[in-house]
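K.L.:
I need the structure of the sequence given here:
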Amino acid sequence: MTARCAACGEAVGARDRWCEACGSALREVEVAAAPARPQPGGHERRELVDGPVAAVTDRGTTHWRNEDAVGIRWVAGDPGGFAMVVCDGVSMSQDPHLVAQAAADTALAALGDALGRGDGLDAALVGATAAAQWAAAAVPFDRAADLGPGACTFVAAAVRGRRAAFASVGDSRAYWVDATGAVQIGHDDSLAAELVASGAYTARQAIASAGAHALTKWLGVDATDTAPTVTSVELPGPGLVVLASDGLWNYAPEAVDLARLIGPTGAERPLDLARRLAAFAERAGGADNITVAVGRHDPDRAELP
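P.N.:
Numbers count the residues shown, from 1 in each chain. From the prediction side, this is the model:
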């Protein structure tokens, strides 16, 4: 049996202490054999639809369980709105699937309530991130265990009318995609992002470098900086809000890659597009859990897609 890193699925040597592909620390049990089945109690795949918003989360082809979590909510009204949250559990931590799910569920509830009340979007995203951090830190853990307490990344979007706000901690991403192309909203909190910011690496070079996925910020009880990057924008017209874990964007590292994959933004139902993007990541290797949420935005259209 080929030994593989439990975090990213890359082949590793029996004497390796660190995965050269993602920088994760390796334990003997993971080097010896990574289970090829999902852990009982986890979910291999979920599909969600609520109005013009849809999401797919999938275990991928290599991971032994799905440690991602996603939540979506459509809030009817004039103007209507929607909220989406994606959290990616850090594999080299305790019960990352539980931490990610707790963070996603709590943040979505806070955002849905805020949209229903008509709260300011920036404040809603800051509050939702704080709630997610509280939930992530509240998941029990064993202080004597070899692995540290559970942790996850976080990205969320709230859209109402022509306004949208985004918040992120870690390296799960948000995009705006329309007929002119795609743009990443915010930035990654990772070593790869720092390498790109230095000007010495392209996005593709940085992702391929050793330790590229090492996080500089995350949510969890041992996190030292959980302040989100919050970005508020006015959406220019019809288009798509897309959230994704790195299980998808690893295979489409630049915004132009995602735009090319999506194609015409009005051509598919959000669920069909989310399915297609998840299938693309699986065909490309599926070495990590794959999660994508898609929200259709068209302020001039009275009916839902």
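
K.L.:
what's the spacing between residue 264 and residue 238?
P.N.:
For residue 264, the distance to residue 238 (CB to CB, to the nearest Å) stands at 11 Å. The way it works is simple: take the backbone N, C-alpha and C, and place the C-beta from them, glycine included.

K.L.:
these two: which is more packed in?
P.N.:
In this view residue 264 and residue 238 are compared by other CB atoms under 10 Å, and residue 238 has more residues nearby, 15 against 7.

K.L.:
what do residue 264 and residue 238 both touch?
P.N.:
With contacts defined as CB atoms under 8 Å, 6 or more residues apart in numbering, the residues shared by residue 264 and residue 238 are residue 179.

K.L.:
wait, isn't residue 181 in contact with residue 259?
P.N.:
Yes: counting by CB atoms under 8 Å, residue 259 is a contact partner of residue 181 at 4.7 Å.

K.L.:
what's the neighbour count on residue 158?
P.N.:
Counted with other CB under 10 Å, residue 158 comes out at 31.

K.L.:
scratch that, residue 77
P.N.:
As a burial measure, residue 77 scores 12 neighbours (other CB under 10 Å).

K.L.:
residues touching it, list them.
P.N.:
Neighbouring residues of residue 77 by CB under 8 Å, 6+ apart: residue 116.

K.L.:
and it, that's in a helix?
P.N.:
No: using DSSP: H, G, I helix; E, B strand; the rest coil, the assignment for residue 77 is coil, not a helix.

K.L.:
and the pLDDT at it?
P.N.:
With respect to pLDDT, residue 77 scores 80.

K.L.:
which residue ranges form the strands in the stretch 1-150 of the chain?
P.N.:
Taking DSSP state E, counting those that start in this stretch as the test, the strands found in the stretch 1-150 of the chain are 45-50, 53-58, 68-75, 81-88.

K.L.:
and of these, who's closest to residue 290?
P.N.:
Counting by CB to CB, residue 290 lies closest to strand 53-58 out of the strands of the stretch 1-150 of the chain; the figure is 4.7 Å.
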